[in-house]
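Undergrad: based on what follows, work out the 3D shape:
(one chain, ligands or ions: 1)
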Amino acid sequence: MAMVLNRSAEQKEIADQNKIEVKSIYFEYDGLEILQDINLTIKEGEFIVFMGPSGSGKSTLLRLLIGLSRPNKGEIFVNNQLLTDSIPDCSVVFQDYSLFPWLTAKENVILALRQKLKKSKTKKELEHLAQSYLELVQLSHAVDKYPGEMSGGMRQRAAIARALSIGSDLMFMDEPFGALDPLTRIHLQNLILQVNREQQRTIVFVTHDAEEAIFLADRIVMFTPGPPGRIAEVIDVPFPKPRNRKQLYQSLEFVKFRDYVLGVMNQGIFDKLEESKEALVDGSGI
Ligand SMILES: Nc1ncnc2c1ncn2[C@@H]1O[C@H](COP(=O)(O)OP(=O)(O)OP(=O)(O)O)[C@@H](O)[C@H]1O
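TA: Residues are numbered from 1 along each chain as shown. Next comes the predicted model:
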């Protein structure tokens, strides 16, 4: 286990160093503007959550940050490298588990390790390492199971183990827990906070769920409804980490803050409706 937790296990501190810089990004599909004037700086070790209505461009911005699409205007730097010149070193977890169905949990992780480590490890060493990553996400009992034999929560744990094994200190997660039941979701939220805190990984996470966003994030990037999506506000989450879920959710401060976050999102939706005059339907407004 120590082998896979070899980053600093100190209490999390956000470094001064910029991990990602997004400078005045514009992006369009087939002439339709999807993202407009996006500016954002993400520090090393931060946990950033993207929130906003469907279609506001959250996944599109992730695609740009991963280097899968290029902006029409503006620049993105990851690790101070301009993305047009490079593909960033990062790992990605999606809602659909990002696993190869014909490989067991262990083989999925070994494949990622092989790509990272090339030929520097023996088969036995790779197996041992894969086992350690699966142990880290509490899947020791299921290393030889195929994705089709695992529950949604187990598959997502395996996908996280695979993402961790890639070794990058930058993780993108696009609604990774959206399809999971509440208890599994809580376990995986705790796991990913542990990864962020103990391994100093920078995490960019997309969710629609305000409570999930507040529990996980250092800052929430709120998008306006698209198209085009813009950043409505970047909201600092004022609750110190590590957070006690039960105490936090029961506090008045949390309720007030959640109302504020939802208020920012709703304001964007109301503005959009006003723009399209739908607010005036029935004469009763929204
Ligand atoms: N490949 C594509 N071709 C054309 N338009 C696209 C494509 N992918 C996304 N879009 C459009 O871009 C806009 C933003 O989509 P995107 O998936 O980034 O939003 P989102 O905020 O992530 O939404 P959701 O929360 O539903 O996942 C939408 O209007 C969508 O229809």
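
Undergrad: rest of the way, CA atoms for contacts and neighbours
TA: Will do.

Undergrad: distance of Phe27 relative to Leu40?
TA: 15 Å (CA to CA, to the nearest Å).

Undergrad: mind checking the SS state of the closest residue to Gln138 other than its chain neighbours?
TA: Leaving aside its sequence neighbours, Gln138 sits nearest to Arg157 (CA to CA, 6 or more residues apart in numbering; 7.8 Å). Classification of Arg157 by DSSP: H, G, I helix; E, B strand; the rest coil places it in helix.

Undergrad: domains of the chain?
TA: Split into domains by the TED database, the chain comes to 14-88+168-278, 97-166.

Undergrad: want to try CSV for those domains, with mean neighbour count as columns?
TA: Below are those laid out as CSV (neighbours: other CA atoms under 10 Å):
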stretch, mean neighbour count
domain 14-88+168-278, 18
domain 97-166, 19
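
Undergrad: those domains: which one's closest to the ligand?
TA: domain 14-88+168-278 (3.3 Å; CA to the nearest ligand atom).

Undergrad: that closest one near the ligand anywhere?
TA: Yes: residues of domain 14-88+168-278 are located near the ligand by CA under 6 Å from any ligand atom, namely Tyr29, Ile34, Pro53, Ser54, Gly55, Ser56, Gly57, Lys58, Ser59, Thr60, Pro227.

Undergrad: ok, Val180 - contacts?
TA: To be clear, residue 180 is Leu; Val isn't right here. Counting by CA atoms under 8 Å, 6 or more residues apart in numbering, Leu180 touches Gly152, Gly153.

Undergrad: so is it in a helix, a strand, or just coil?
TA: Per three-state DSSP, Leu180 ends up coil.

Undergrad: try Leu191
TA: Assignment for Leu191 (three-state DSSP): helix.

Undergrad: contacts only, for it.
TA: Counting by CA under 8 Å, 6+ apart, Leu191 has contacts Val137.

Undergrad: picking that back up, mean pLDDT added to the domains of the chain, as JSON lines?
TA: Below are those laid out as JSON lines (pLDDT from 0 to 100):
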{"stretch": "domain 14-88+168-278", "mean pLDDT": "91"}
{"stretch": "domain 97-166", "mean pLDDT": "89"}
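
Undergrad: distance check, Glu21 against Asp30.
TA: Taken as CA to CA, the span from Glu21 to Asp30 is 26 Å.

Undergrad: swap that for Lys118, sorry
TA: 39 Å.

Undergrad: quick one: end-to-end length of stretch 127-146, please.
TA: 16 Å.

Undergrad: also stretch 146-158?
TA: 10 Å.

Undergrad: how far off centre is it?
TA: Per CA atoms, centre = their mean, to the nearest Å, the displacement of stretch 146-158 from the mean C-alpha position of its chain is 19 Å.

Undergrad: show me where the chain has strands.
TA: Remark: strands assigned in the chain by DSSP state E are 18-29, 32-43, 47-51, 73-78, 81-82, 91-94, 170-174, 202-206, 219-223, 231-236.

Undergrad: can you put these in CSV and add distance to Asn196?
TA: Converted to CSV, these look like this (distance: least, CA to CA, whole Å):
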stretch, distance to Asn196
strand 18-29, 14
strand 32-43, 13
strand 47-51, 7
strand 73-78, 18
strand 81-82, 22
strand 91-94, 13
strand 170-174, 9
strand 202-206, 7
strand 219-223, 14
strand 231-236, 17
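
Undergrad: what's near enough to touch Val143?
TA: Contact partners of Val143, counting by CA under 8 Å, 6+ apart, are Thr104, Ala105, Lys106, Gln131, Leu134.

Undergrad: who touches stretch 224-233?
TA: 32-39, 52-57, 221-223, 264-265, 268-269, 272.

Undergrad: no more questions from me, cheers.
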